[in-house]
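> Just need the structure, nothing else, for what follows:
(chains A and B)
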Amino acid sequence: MTTGGPTQENFEKLLRWLDPDRDKAAEKYERIRLRLIRIFSSRGCFEADALADQTVNVVTLRIDWLLENYVGDPALYFYGVGKNVYKEWLKRHPRPAPPPPPDPKPPEVEQLATYLDDCLDLLLTKDRDLVLRYHEFDKQEKIRYRKKLAEEARLTRNALRIKVFHIHARLRECLEQRLRDEPLG
Amino acid sequence: MALSNHDEEQVRAYLLGRLNNEEQQQIEERLMTEDDLSEELEISKGELIEEYCADELPQKERDWFKEHYLASAEGRQRQTFALALDSLKSSHPAPESLTWFERLIALLRTRPGAVAIATATALVLIVAVLITRRTQSVPTSYAFNLNSTVSRRTAGDAPRYYPVTLKPDVNELRISLQLNEKAARGKDYRVELDDRTEKTSLKPLSHDANSVLVVIPTSSLHEGLYALTLNAVREDGTEQPIPGEYLFELH
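Numbering: from 1, shown residues only, chains lettered A, B, ... in the order given. Modelled structure (predicted):
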C-alpha cells in the first residue's frame, strides 16, 4: 500500500493519461471530479467533495500502474475506486446517518430571495420571464402549463427543461458569487 | 446519445432509491461517461426538489430523498435555492399568457368554494359581453399587477421595470396597482403616467381596499420606460401623494 499523498509528478502523469492536450486533460479532470461529487451526493454523502478528492488521490497514486496496464475509459476507473472509497466512508458513517439538518430558516430564505431577486435582474428579460412562468402552478396544473410554455416557445418538453436548467445554473452561480461577497448574516 | 423517456425514469428512480444494486451501478457508470445523462441527473434533482418543497412526493420517496440527496451539501444548497425561487413567486407576478378561461379553471381547481361565485360571475360576464359586442368591438387587454417600489423587498436597489411585451392585437393595458399596507387610502384615486418626458393624469377604472385598477389604451403608449404614481383623493377632495412608483417597460 502506498503511503503519503500523490506527488506533483504523479498528478502531471494523471493529466497526460486523461488527455495529451493539457487543457483538455484539465477539463476531463474537472468533469470526472464533478461527476463523482454528484454521485456521492445522490447517495446521501454529506462529505461528497472530500470523497471525490480522496478518490482522485487514490487513482493518482496508482498512475504508474494504470499507464502500464489499464485499458478503457479513465472515468470508469475513477468510478470503481470511488465506489470503494464510499464503502469505506459508510463504515465510518453507518446508516442511519445523522438526521439531516432542518429545512432552511425563513429569514435565510428571505435574504437569499433578495439576492436571487438581484440575480434575476441580470438575466435577459425573456429568460427571466421564462423562469418565473416555468415555476407557476403546482401538480397537474404545472404539467399542463409547462406543456403550453413549450408549445409557445416551439420547444419539446425536454428542450424546455434543459433551457430552464441552464437558466437555473446561471442563477445559482450568481447566487453563490453573491454569497461569497455578502455571506448570510 | 439521445436520451429516452426510460432514461429519465431511471434517473428519477435512482434519486429516489428505487433501483437495485446492479441497476444503480449501471446508471452510475453511465453518469460518469455520458454528458446528456449527467445533465438529466441535474435536471431531475431540480424537479424532485421542487416536488419535495410542494409536498408532492409520496411519503416513502419523500423520506428517502430527504435522508439521501437532501442530506448532502449540494442537496441542501439546491433546496435552499428552490425555496428562495419559490418565495419570489409572489413578488414577481409572472407575465400573463394563460387565457382568462384557463386561469378561471385553475382557480376553481384550487378553490372549489369559488364555483358558485364564479358561475354567477361568468353568467353576468357572458351577458355583458354579448350586449357589448352588439354595439362595439371588444378591446383585447393585457392585464398584470404591479407593486410599488416602496414595497420592493430590496430597498436601495436599482428600480426594476416590469417587462411588458405586447402582441399587435392588444389595445389596452389593465394594470392593477397594489397598495401596500402603509399607503394612504382615499375615497378615490388619481393616477399619473410618467414616460420620463411628460406626465399624463389618468382616472382609475375602479379600486378596492388593496388595489387600484387603471386602464391605459396602448395607442397612447410607445416603447420605453414608464412610471405610474398614485394620489389618494380624500373626502374633502384634496389629494395626498402615495410614496413610491409602479414601474413597467413596454417592448
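> Burial check on the residue in chain A positioned nearest to chain B, number of neighbours?
Distances between chain A and chain B by C-beta to the nearest C-beta are smallest at A:Gly44, namely 3.3 Å. Using the backbone N, CA and C atoms, a C-beta is placed for each residue, glycine as well. If you count neighbours by other C-beta atoms under 10 Å in any protein chain shown, A:Gly44 ends up with 23.
> isn't it right up against B:Ala73?
No - using C-beta atoms under 8 Å, A:Gly44 is not in contact with B:Ala73; the gap is 11.1 Å.
> check contacts around B:Leu57.
The contact partners of B:Leu57, by C-beta atoms under 8 Å, 6 or more residues apart in numbering or on different chains, come to B:16, B:48, B:51, B:65.
> run the last query once more with 6 Å
With contact set as C-beta atoms under 6 Å, 6 or more residues apart in numbering or on different chains, B:Leu57 has these partners: B:Glu51.
> Checking it next. Helix, strand or coil?
coil (DSSP: H, G, I helix; E, B strand; the rest coil).
> How about A:Glu136?
Of the three states, A:Glu136 takes coil under three-state DSSP.
> Phi and psi next, for the closest residue to B:Ala82 other than its chain neighbours.
Distances taken as C-beta to C-beta, 6 or more residues apart in numbering or on different chains put B:Ile49 closest to B:Ala82, at 4.7 Å, once the chain neighbours are dropped. Dihedral pair for B:Ile49: phi -60, psi -40, per degrees, to the nearest 10.
> Local confidence estimate at B:Ile49?
pLDDT for B:Ile49: 95.
> Give me the three-state assignment for the nearest residue to B:Tyr142 once chain neighbours are set aside.
Among residues not flanking B:Tyr142 along the chain, B:Val170 sits closest, at 4.7 Å (C-beta to C-beta, 6+ apart). What three-state DSSP gives for B:Val170 is coil.
> ditto for B:Ala13
Going by three-state DSSP: B:Ala13 is helix.
> so who does it touch?
Applying C-beta under 6 Å, 6+ apart, the residues near B:Ala13 are B:Leu19.
> so how far is B:Asp236 from it?
Counting by C-beta to C-beta, to the nearest Å, the gap from B:Ala13 to B:Asp236 is 69 Å.
> Now tell me what touches the helix or strand containing B:Glu47 from outside.
Assigned by DSSP states H and E, B:Glu47 belongs to helix B:35-53. Helix B:35-53 is contacted from outside by A:35, A:161, A:165, B:3, B:11-12, B:15, B:30-31, B:57, B:65, B:78-79, B:82, using C-beta under 6 Å, 6+ apart.
> Can you give the domain ranges for chain A?
A:8-92, A:107-181 (automatic domain parsing).
> ok, which residues in chain A are in contact with chain B?
Residues of chain A found near chain B (C-beta under 6 Å from any C-beta of the partner chain) are A:35, A:39, A:41-42, A:44-46, A:48, A:73, A:75, A:79, A:100, A:104, A:109, A:112-114, A:116-117, A:125, A:129, A:132-133, A:136, A:138, A:141, A:161, A:165, A:172.
> avg pLDDT for the strand ranked longest in chain B?
Ordering each strand of chain B by length in residues (DSSP state E) puts strand B:239-250 first. The pLDDT scores in strand B:239-250 average 87.
> next one: stretch B:146-166
Averaged over stretch B:146-166, pLDDT sits at 71.
> measure it end to end?
Terminal residues of stretch B:146-166 lie 16 Å apart, using C-alpha to C-alpha, to the nearest Å.
> Tell me, how many residues neighbour residue 150?
Unless you meant another one, I'm taking chain A. Using other C-beta under 10 Å, A:Ala150 has 18 other residues around it.
> Chain B was what I was after
So B:Val150, with other C-beta under 10 Å, has 14 neighbours.
> cool, B:Leu70 as well?
B:Leu70 sits with 23 neighbouring residues when counted by other C-beta under 10 Å.
> Okay, it and A:Ser42: tell me how far apart.
Applying C-beta to C-beta, the value for B:Leu70 to A:Ser42 is 11 Å.
> Please apply the same query to B:Asp236.
B:Asp236 is 67 Å from A:Ser42, by C-beta to C-beta.
> With A:Leu184 instead?
Distance from A:Leu184 to A:Ser42, by C-beta to C-beta: 26 Å.
> ok, now A:Tyr145?
28 Å.
> what does B:Lys187 give?
In terms of C-beta to C-beta, B:Lys187 sits 60 Å off from A:Ser42.
> Identify the residues contacting A:Arg16.
If you count contacts by C-beta under 6 Å, 6+ apart, A:Arg16 has none.
> May I see the buried residues of the helix or strand that contains it?
Element membership for A:Arg16, per DSSP H and E: helix A:8-18. Residues of helix A:8-18 classed as buried by neighbour count (16 or more other C-beta atoms under 10 Å in any protein chain shown): A:10-11, A:13-15, A:17-18.
> Distance from the chain centre to it, please.
Here helix A:8-18 is found 23 Å from its chain centre; the criterion is C-alpha atoms, centre = their mean, to the nearest Å.
> Run a quick neighbour tally on residue 4.
You didn't say which chain, so I picked chain A. By other C-beta under 10 Å, the residues close to A:Gly4 number 7.
> actually it's chain B I care about, not the one you picked
Counted by other C-beta under 10 Å, the residues lying close to B:Ser4 total 9.
> Grab the nearest non-local neighbour of B:Gln10.
B:Ile27 (5.7 Å).
> Just the element for that neighbour, please.
Counting by DSSP H and E, B:Ile27 is found in helix B:21-33.
> what does that helix contact?
The contact list for helix B:21-33, computed with C-beta under 6 Å, 6+ apart, reads A:35, A:39, A:73, A:75, A:79, B:10, B:14, B:37-38, B:41.
> which ones are touching the residue of the stretch 151-251 of chain B found nearest chain A?
Using C-beta to the nearest C-beta, the single residue of the stretch 151-251 of chain B nearest to chain A is B:Pro163, 4.6 Å away. By C-beta under 6 Å, 6+ apart, the contact list for B:Pro163 reads A:125, B:249.
> Can I take it that it is in a helix?
No - applying three-state DSSP, one finds B:Pro163 to be strand, outside a helix.
> Next, the buried residues of the lengthiest helix in chain A.
Secondary structure of chain A read by DSSP state H shows that its longest helix is helix A:157-181. Across helix A:157-181, burial judged by 16+ other C-beta under 10 Å covers A:160-165, A:167-168, A:171-172, A:174-175, A:178.
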